[in-house]
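1. sequence-free structure coming up:
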């Protein structure tokens, strides 16, 4: 049912915005490079850091997109994350678990009325033989601070698609450069 609503919203958005003049940064043939800052790192290709009760996690990454038509870009992103867990078993016994993971993302991003980016993607993380995968949906606002640079606050929902992934909601601030 969610897929039907999302498809309907995208179709209405495409139809409603065809007559408007397209911002120069999001025209067909342009390239964008972007990253984001968010407190939740799973499945994103951006920057994050969190620390709680002896465990910490951080991530770095970026994504790039190509505008196949005005306002519509296909995107791919990659990142690296590190998680360190310190387990205290009491009586002076403890253990440290140190894990590295590759994060990835592939999807499409459409700009409704030049300033409302809506994104659908497949993303996840690979930690050794373990993979967590998500189908993500994102919406935000693009504020073009220059003709080729934008700040994009956004909210994102990742729907876990395999047994070892859970649904995640996040909010963050994106930064993009358009060529």
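-> That came through fine. Everything quoted here is computed from the prediction, not taken from an experiment. Numbering: from 1, shown residues only.
2. pull out the buried positions in stretch 71-88.
-> Buried residues in stretch 71-88, defined by neighbour count with 16 or more other Cβ atoms under 10 Å: 71, 72, 73, 75, 77, 79, 81, 83. Backbone N, C-alpha and C define where each C-beta goes, glycine included.
3. how far is that stretch from where the chain is centred?
-> Computed by Cα atoms, centre = their mean, to the nearest Å, the separation of stretch 71-88 from the middle of its chain amounts to 9 Å.
4. one more: stretch 76-92?
-> Centroid separation for stretch 76-92 versus its chain: 21 Å, with Cα atoms, centre = their mean.
5. pLDDT weak spots in this structure?
-> In the prediction, the chain carries residues with pLDDT under 70 at positions 1-20, 39-44, 91-94.
6. where along it do the helices fall?
-> 2-17 (DSSP state H).
7. ok, what's across the strand from residue 51?
-> Residues in a beta bridge with residue 51, per DSSP bridges, are residue 56.
8. I'd like the buried residues of stretch 71-88 as a markdown table, with distance to residue 52 appended.
-> Shown next, in a markdown table, are these (distance: Cβ to Cβ, whole Å):
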| residue | distance to residue 52 |
| --- | --- |
| 71 | 40 |
| 72 | 39 |
| 73 | 35 |
| 75 | 31 |
| 77 | 26 |
| 79 | 21 |
| 81 | 16 |
| 83 | 12 |
